[in-house]
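Undergrad: no sequence for this one, just the structure:
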């Protein structure tokens with residue numbers, strides 16, 4: 001007898017429907033075909049042990065399992081449960097009248113209990129799209145899958161529970177989550193607040209501009225000046241995620257298995273801070289079984305690279321293309337996978353190996369040329385893609401001990417949202433562009449027009465700093481953002497002057 005069950009294979013951040021066909025006939029062999037990897041092939045032992053634990057039997061006949069379509073590689077251990085259900089049906093040990101109406105996924109332990117799996121959210125989205133009645137999966141993944149409405153999410157703990165439910169002998173209430181309530185309830189939950197930061201008003205201003213326009217930032221300053229503390233507070237002033245952005249972000253974290261036990265919709269913008277020993281594959285994604293990297297996990301949020309020159313050069317250079325295209329393509333001989341990577345890059349670095357070059361009080365002990373060599377660890381093309389270069393100076397004692405309250409993230413965020421609203425109206429006919437930092441060059445010429453006085457100022461800056469054409473575009477984009485925050489329809493000379501001052505590392509002789 002032939003039985004069919006349905007599972008799914010995740011490719012990138014999307015899922016493909018997989019039909020699991022089980023045929024039990026004359027013979028004694030066990031065959032599994034359809035490009036299964038080692039983890040899928042090993043399911044025979046897990047399934048046999050789980051079936052025996054609940055007094056079912058593994059057929060001592062010829063068992064052929066086909067995972068269709070056969071040209072898509074099947075990876076992981078999540079096919080255990082649908083294979084077990086198919087074997088029970090095909091060997092006529094049970095009768096599942098609604099087997100073809102459910103997508104079934106789950107990893108079996110030897111005692112028949114189910115372990116959580118990755119990529120549940122895109123699988124649930126695909127199941128609803130294909131018109132299935134429900135999705136049977138491990139109980140620990142049920143909350144994550146229930147983000148998708150109009151689909152019965154049946155969380156089970158054991159193989160026996162799944163079998164009883166499909167036979168109609170056990171009633172299991174579908175897991176239901178009010179996605180909008182979770183989303184809107186969690187929007188304003190931020191662990192860090194700019195109200196905790198004393199002084200550093202110029203850095204806060206740069207962060208506000210960066211958040212309003214989606215610009216990349218690099219902070220240069222001595223150790224202990226507050227670079228990391230300021231970076232951690234940036235997500236608290238970014239505009240709240242839209243529901244669509246939250247779903248995109250949650251899908252990526254689901255595929256990477258980062259949602260954790262009973263994970264649900266991510267309502268906060270992600271903040272990723274990888275260590276400087278990270279490999280290029282871990283940063284951009286990839287591997288034998290392609291997985292999203294840190295830049296994709298930071299999608300719609302912030303990627304913070306602390307101690308930028310300590311990262312391997314190859315690691316930093318692979319970011320150049322994703323910073324421009326806002327996606328990363330992982331190509332292999334037989335597969336090509338796209339992961340979204342629309343993130344804000346926030347980097348920090350010391351000005352020299354000892355950390356005290358240009359310090360107002362402490363003396364730098366680095367020898368001649370060492371400072372420049374240290375800065376050269378970060379390539380010019382990468383710095384060109386960073387809009388704001390900000391010098392961070394140590395906080396003075398009077399500012400640290402001041403009782404004056406600093407401005408809170410909430411009030412800064414209001415100005416940021418106002419600036420983003422102007423950009424939303426400006427780019428309403430361009431769905432792929434929704435903030436100033438994303439403007440292509442042809443749009444910069446149209447939107448970031450400046451008067452004669454502004455042109456003269458920018459010409460002088462270009463000649464003195466030796467700026468590239470990309471830096472020219474980025475200055476205009478930052479100036480446009482500053483004008484948006486100020487509520488101005490035109491870019492004024494003062495907006496342009498402030499944007500130019502955020503190109504510190506382009507200044508000739510900055511490092512002696």
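TA: Yes, it's here. Source: prediction; values computed, not measured. Residues are numbered from 1 along each chain as shown.

Undergrad: so where's the stretch 351-500 of the chain shaky on pLDDT?
TA: For the stretch 351-500 of the chain, the stretches with pLDDT under 70 are 400.

Undergrad: now the helices for it?
TA: 370-375, 380-384, 397-400, 409-426, 441-447, 452-465, 469-485, 493-501 (DSSP state H, counting those that start in this stretch).

Undergrad: could you find the closest non-adjacent residue to the residue nearest to the spatial centre of the chain?
TA: Centroid check for the chain by CA atoms, centre = their mean gives residue 297 as the closest residue, at 2.3 Å. Leaving aside its chain neighbours, residue 297 sits nearest to residue 272 (5.3 Å; criterion: CB to CB, 6 or more residues apart in numbering). Yep, even glycine has a C-beta here, placed from its N, CA and C like the rest.

Undergrad: about what we covered before: redo the helices of the stretch 351-500 of the chain as JSON lines? Include distance to residue 200 and mean neighbour count.
TA: Output for these, formatted as JSON lines (distance: least, CB to CB, whole Å; neighbours: other CB atoms under 10 Å):
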{"stretch": "helix 370-375", "distance to residue 200": "22", "mean neighbour count": "17"}
{"stretch": "helix 380-384", "distance to residue 200": "22", "mean neighbour count": "16"}
{"stretch": "helix 397-400", "distance to residue 200": "8", "mean neighbour count": "10"}
{"stretch": "helix 409-426", "distance to residue 200": "13", "mean neighbour count": "18"}
{"stretch": "helix 441-447", "distance to residue 200": "30", "mean neighbour count": "13"}
{"stretch": "helix 452-465", "distance to residue 200": "25", "mean neighbour count": "14"}
{"stretch": "helix 469-485", "distance to residue 200": "18", "mean neighbour count": "23"}
{"stretch": "helix 493-501", "distance to residue 200": "16", "mean neighbour count": "19"}
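
Undergrad: mind checking which of those is nearest residue 145?
TA: Between residue 145 and the helices of the stretch 351-500 of the chain, the tightest spacing by CB to CB is seen for helix 409-426, at 31.8 Å.

Undergrad: just how off-centre is the closest one within its chain?
TA: 23 Å (CA atoms, centre = their mean, to the nearest Å).

Undergrad: what packs against it?
TA: helix 201-213, helix 469-485 (3 or more CB pairs under 8 Å, 6 or more residues apart in numbering; DSSP states H and E).

Undergrad: quick one: contacts of the shortest one?
TA: Residues outside helix 201-213 that contact it (CB atoms under 8 Å, 6 or more residues apart in numbering) are 194, 197, 215-217, 219, 226, 230, 233-234, 237-239, 344, 346, 387-388, 390, 392, 407, 412-413, 415-416, 419-420, 423, 435-437, 477-478, 480-482, 484-485, 502.

Undergrad: skip ahead from it and say which helix or strand is next.
TA: strand 217-220 (DSSP states H and E).

Undergrad: avg pLDDT for the helix or strand following that next one?
TA: Next along the chain after strand 217-220, taking DSSP H and E as the criterion, comes helix 227-232. In this model, helix 227-232 carries a mean pLDDT of 91.

Undergrad: next secondary structure after helix 227-232?
TA: helix 243-255.

Undergrad: list the buried residues of that next one.
TA: Neighbour counts over helix 243-255 (16 or more other CB atoms under 10 Å) mark 245, 246, 247, 248, 249, 250, 251, 252, 253, 254, 255 as buried.

Undergrad: neighbours around the spatially closest residue to residue 225 that is not a sequence neighbour, how many?
TA: Distances taken as CB to CB, 6+ apart place residue 392 nearest to residue 225, at 4.5 Å, with adjacent residues excluded. Per other CB atoms under 10 Å, the neighbour tally for residue 392 reads 19.

Undergrad: any idea how far residue 392 lies from residue 220?
TA: 7 Å (CB to CB, to the nearest Å).

Undergrad: residue 415 now?
TA: Counting by CB to CB, the gap from residue 415 to residue 220 is 25 Å.

Undergrad: try residue 390
TA: 7 Å.

Undergrad: now do the shared contacts for these two.
TA: In the contact map built from CB under 8 Å, 6+ apart, the residues linked to both residue 390 and residue 220 are residue 504.

Undergrad: domain map for the protein?
TA: 2-167, 185-425 (automatic domain parsing).

Undergrad: can you add distance to residue 447 and give these back as JSON lines?
TA: Below are these laid out as JSON lines (distance: least, CB to CB, whole Å):
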{"stretch": "domain 2-167", "distance to residue 447": "31"}
{"stretch": "domain 185-425", "distance to residue 447": "10"}
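
Undergrad: thinking again about what came up before, any idea which of the buried residues of helix 243-255 is closest to residue 45?
TA: residue 255 (26.8 Å).

Undergrad: wait, doesn't the closest one sit right on residue 290?
TA: No - using CB atoms under 8 Å, residue 255 is not in contact with residue 290; the gap is 9.8 Å.

Undergrad: okay, and the common contacts of these two?
TA: In contact with both residue 255 and residue 290: residue 12, using CB under 8 Å, 6+ apart.

Undergrad: how long is stretch 112-129 end to end?
TA: One end of stretch 112-129 to the other measures 30 Å (CA to CA, to the nearest Å).

Undergrad: please identify the buried residues of it?
TA: For stretch 112-129, by 16+ other CB under 10 Å, it's 112-114, 116-128.

Undergrad: cool, stretch 279-289 as well?
TA: For stretch 279-289, by 16+ other CB under 10 Å, it's 280, 281, 282, 283, 284, 285, 286.

Undergrad: quick one: which of these sit in strands?
TA: Of these, the ones assigned to strands by DSSP state E are 285, 286.

Undergrad: dump the buried residues of stretch 279-289 to a markdown table, plus distance to residue 150 and pLDDT.
TA: Compiled in a markdown table, these are given as follows (distance: CB to CB, whole Å; pLDDT from 0 to 100):
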| residue | distance to residue 150 | pLDDT |
| --- | --- | --- |
| 280 | 41 | 90 |
| 281 | 38 | 91 |
| 282 | 37 | 92 |
| 283 | 37 | 93 |
| 284 | 35 | 90 |
| 285 | 31 | 89 |
| 286 | 35 | 83 |
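
Undergrad: got the buried residues of stretch 279-289 as JSON lines, with distance to residue 430 columns?
TA: What follows is these, written out as JSON lines (distance: CB to CB, whole Å):
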{"residue": "280", "distance to residue 430": "32"}
{"residue": "281", "distance to residue 430": "33"}
{"residue": "282", "distance to residue 430": "33"}
{"residue": "283", "distance to residue 430": "29"}
{"residue": "284", "distance to residue 430": "26"}
{"residue": "285", "distance to residue 430": "27"}
{"residue": "286", "distance to residue 430": "31"}
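
Undergrad: specify which member of the buried residues of stretch 279-289 is nearest to residue 34.
TA: The nearest member of those to residue 34, counting by CB to CB, is residue 286 at 24.4 Å.

Undergrad: out of the domains of the chain, which is closest to residue 492?
TA: Among the domains of the chain, domain 185-425 comes nearest to residue 492, with 14.9 Å by CB to CB.

Undergrad: so how far is the closest one from its chain's centroid?
TA: That offset, for domain 185-425, works out to 13 Å (CA atoms, centre = their mean).

Undergrad: picking up where we left off before, could I get the helices of the stretch 351-500 of the chain as TSV with distance to residue 95?
TA: What follows is those, written out as TSV (distance: least, CB to CB, whole Å):
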stretch	distance to residue 95
helix 370-375	72
helix 380-384	62
helix 397-400	74
helix 409-426	56
helix 441-447	62
helix 452-465	77
helix 469-485	64
helix 493-501	71
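
Undergrad: between those, which one is nearest to residue 359?
TA: Where these are weighed against each other on CB to CB, the nearest is helix 370-375, at 12.2 Å.
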